Each structure stands twice: as C-alpha cells, then as structure tokens.
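Novice: have a look; sequence and predicted model below, questions after that.
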Amino acid sequence: MSDLLTMVDVACWRGGRLLFEGLSLRVAPGEGLWVRGPNGMGKSSLLRIAAGLLQPLGGTVSCSACALADEALALDRELPLRRALGLWAALDGSRHVPAALGALGLAALAEVPVRLLSTGQARRARLARVLASGSPLWLLDEPLNGLDEASVAAVAAMISAHRAAGGGVLVASHLEVPGGAWRTLELAA
Ligand SMILES: Nc1ncnc2c1ncn2[C@@H]1O[C@H](COP(=O)(O)OP(=O)(O)OP(=O)(O)O)[C@@H](O)[C@H]1O
C-alpha cells in the first residue's frame, strides 16, 4: 500500500531563520510517527507543511487527504457541537459525527453550542473534528494538552482504532502519546 505521507529533503524557513533542512519522513497506513524536540524547533511548522498550510523552503511533500488538529478549534462557535462537526464531515463526504462524539465522550454535549464548551471539552472537540473528517491521515499537534486521564484514554483508543483500520498518524507532542507503537523523529538544533 502506498504511503499516506512522504516528505523528501524538506527545509523550512520561518520567523526569519532556518528551522530545519534535509528532513525526510514517511507515514504508511497503520503507522504512527512521533515528532519530538524542544520548544520552537519547528514541530508545529512541520505539521503545517504536511497539511499544505505552509510552503516549505525546499523539498517535496506528498500527502493524502489529511486532518489537522492544532491550537485552532476551527468549529463554528454559534452552532451546536453536532452540527459544527457535521460541516467538517460533509467536506469529506463522510458520516462519522456520531462515532466522533462517542469516541471523545461528547455525545451528551451534541446539542450544546460550541461557545459553551469548557476548555477541556473544546480540546476534545478539536480531536473529534479530526475523527469526523474521515481522513486517512491525522496530524495531531500536542493532542494531550489539557486533557484529563479519561480523555487521554479515549484519545489512545481513537488512535489505536484509526491505525488498525489502516489510518496513519503524525503527532507532535512533548508527552508520550498512547495508541500503539511509535517511530520517533527528533527535531534538534
Ligand atoms: N506565524 C509565524 N510567523 C513567523 N514565525 C513563526 C510563526 N509561527 C511560528 N513561528 C516561529 O517558528 C519557530 C518554530 O515554531 P513552531 O511552533 O513550529 O515550533 P514547535 O517546535 O512546535 O514549538 P513548541 O514546542 O513551543 O510548540 C519559532 O521560532 C516561532 O517563533
């Protein structure tokens, strides 16, 4: 099966400096790749390049349909959560919203407007958005930030199931993320 993400010899210039160069990686179906490194090394920038949101200085990027969960909630604050997630699901032509709500323990909040979610609930909602998208490749930026123990377990189960179904995950995280074995990529100065 072909890779979900391939980067070859990628370089990134941001904030007036070279963050990294000569970076190559791949994520195959079922795989997880964990990007580590100190603050400011370019982990989030790497995910944005993979998502096509940031132009690399050099190199080539080939990425299947992907969904990025970063700091941005990217959900309409005025809509009930179920409908806000539905906009993302519709974009990909999939119907994964009930599964996403259930997986992140958000089913009881389906009709609550996004703006009323607590900080932790909103963090779970940004991950539910990724699941709802039905995308084969997930790009997760610090997915465990601000999550309680039960939510971390839910994220682990969600990642395991996604990988078992042939999905791939590229995660940037300071904490070890459960959900299967990870290959690691260290961004260092
Ligand atoms: N929008 C932007 N414009 C200019 N420079 C930026 C922008 N976003 C980030 N940078 C710079 O790019 C560098 C890498 O940032 P990035 O967020 O990719 O690092 P990171 O490894 O994810 O950091 P952290 O672990 O703190 O989240 C930093 O020096 C940062 O100041």
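Specialist: Sure, I can see it. Numbering: from 1, shown residues only.
Novice: what helix or strand does the closest residue in space to Leu140 that isn't next to it in sequence sit in?
Specialist: Once flanking residues are discounted, Leu140 sits nearest to Val171: 4.5 Å by C-beta to C-beta, 6 or more residues apart in numbering. Bear in mind the C-beta positions are built from the backbone N, C-alpha and C, glycine included. Taking DSSP states H and E as the criterion, Val171 maps to strand 168-172.
Novice: mind giving me the packing neighbours of whichever helix or strand comes after that strand?
Specialist: Next helix or strand after strand 168-172 toward the C-terminus (DSSP H and E): strand 183-186. Contact here means 3 or more C-beta pairs under 8 Å, 6 or more residues apart in numbering; DSSP states H and E; on that basis strand 183-186 packs against strand 32-36.
Novice: apply 10 Å and report the result again.
Specialist: Packing partners of strand 183-186 (3 or more C-beta pairs under 10 Å, 6 or more residues apart in numbering; DSSP states H and E): strand 17-27, strand 32-36.
Novice: which one of the ones you listed is the most hemmed in?
Specialist: Compared across the helices and strands packed on strand 183-186, strand 32-36 shows the largest average neighbour count, a mean of 20 (mean count of other C-beta atoms under 10 Å).
Novice: direction included, what does that strand pair up with?
Specialist: Sheet pairing of strand 32-36 (DSSP bridges) gives strand 168-172 (parallel), strand 183-186 (parallel).
Novice: and of those strands, who's closest to the ligand?
Specialist: strand 168-172 (6.0 Å; C-beta to the nearest ligand atom).
Novice: tell me which residues form a beta bridge with the residue lying closest to Ala181 once chain neighbours are set aside?
Specialist: Once flanking residues are discounted, Ala181 sits nearest to Gly32: 7.1 Å by C-beta to C-beta, 6+ apart. Assessed by DSSP bridges, Gly32 has beta-bridge partners Val169.
Novice: from Ser151, how far out is Gly32?
Specialist: Per C-beta to C-beta, to the nearest Å, Gly32 is found 19 Å from Ser151.
Novice: extract the C-alpha set from the strand holding Val171 and format it as CSV.
Specialist: Extracted C-alpha coordinates of strand 168-172, given in CSV (Å, rounded to 0.1, in the frame of the first residue of the first chain):
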residue,chain,number,x,y,z
GLY,A,168,-1.8,6.9,9.8
VAL,A,169,-0.9,9.5,12.5
LEU,A,170,1.8,12.1,12.6
VAL,A,171,1.9,13.6,16.1
ALA,A,172,3.9,16.4,17.6
